[in-house]
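Asker: sequence and predicted structure are below.
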Amino acid sequence: MKSGRGGSERTTAMRDEFIRIGKILKSQGHRGAVRVLPLTDFPERFQGMKRVRVKLRDGGADYTIEEIKPHGKFLTIKFKEITDMDAADKLRDCYLEVTRQELVPLQEGSYYIFDIVGMSVFDLDQTLLGKVTDVLQTGANDVYVVETAGKPLLIPALKQVVREIDLPGRRMLVELPEGLAD
């Protein structure tokens with residue numbers, strides 16, 4: 001059971017849901033390019049993109065991608081609509097977003113982190129344990145942090161523990177190993 005970052009954060013507009021896939025860190029050069037930190041497990045997705053929504057402080061706007069260059073763990077992106085460094089500087093700390101329909105499809109049994117966070121977690125007796133507040137990516141397997149009435153519960157994202165994930169119902173059914181809830 002794996003979780004992926006489509007973007008690690010989600011924003012909701014009146015009609016559309018947008019998922020953050022990158023953050024503009026600063027301008028890059030005098031022609032108006034920007035340096036972007038990818039917020040996705042699929043940075044290669046940027047290479048085929050022609051347009052992207054930029055979440056601005058006062059709303060959002062679609063921008064045409066003119067050129068994308070890898071730059072270490074960052075990307076340098078030149079938008080057609082941004083022609084100089086001053087205009088690019090105004091995009092600092094803004095996010096690149098896509099709609100849910102534009103997300104990279106995941107393998108069966110894999111989920112985006114933003115879909116897991118906020119889910120209600122129940123044990124096999126249908127007792128509410130709490131809500132998922134975070135997903136820790138440990139390398140071996142993810143760990144769901146569940147806020148309970150007491151201390152947080154750390155649930156390994158393993159098939160023998162997480163029995164069911166109901167995305168539309170925002171519910172997770174778990175079978176806790178002995179001693180985990182103590």
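Answerer: Okay, I see it.

Asker: for stretch 88-104, buried residues please.
Answerer: Buried residues in stretch 88-104, counted by 16 or more other CB atoms under 10 Å: 88, 91, 94-98, 102-103. All C-beta spots, glycine's among them, are computed from the backbone N, C-alpha and C.

Asker: which of those fall in helices?
Answerer: Under the assignment DSSP state H, those contribute Ala88 to helices.

Asker: which of the residues in stretch 125-132 are buried?
Answerer: Of the residues in stretch 125-132, 129-132 count as buried by neighbour count, 16+ other CB under 10 Å.

Asker: pLDDT on it, on average?
Answerer: For stretch 125-132, the mean per-residue pLDDT is 96.

Asker: what's it in contact with?
Answerer: Stretch 125-132 is contacted from outside by 116-123, 144-149, 153, 172, 174, 181, using CB atoms under 8 Å, 6 or more residues apart in numbering.

Asker: swap in stretch 74-84?
Answerer: With CB under 8 Å, 6+ apart as the test, stretch 74-84 has contacts from 22, 25, 28-38, 43, 46, 63-70, 88, 91.

Asker: helix or strand for Asp86, just tell me which one.
Answerer: Secondary structure assigned from DSSP states H and E places Asp86 in helix 85-89.

Asker: what helices or strands is that helix leaning on?
Answerer: Applying 3 or more CB pairs under 8 Å, 6 or more residues apart in numbering; DSSP states H and E, we find helix 85-89 packed against strand 17-28.

Asker: show the average pLDDT along the strand it packs on.
Answerer: For strand 17-28, mean pLDDT is 94.

Asker: now it, how far from the chain's geometric center?
Answerer: Distance, stretch centre to chain centre, for strand 17-28: 11 Å (CA atoms, centre = their mean, to the nearest Å).

Asker: name every strand pairing with the helix or strand just after that strand and say which way it goes.
Answerer: Using DSSP H and E, the next helix or strand after strand 17-28 towards the C-terminus is strand 33-38. Here strand 33-38 is paired, per DSSP bridges, with strand 17-28 (antiparallel), strand 74-79 (antiparallel).

Asker: one step back: list buried residues within the contacts of stretch 125-132.
Answerer: Those of the contacts of stretch 125-132 that meet the buried threshold are 116-117, 119-122, 144-146, 153, 172, 174, by 16+ other CB under 10 Å.
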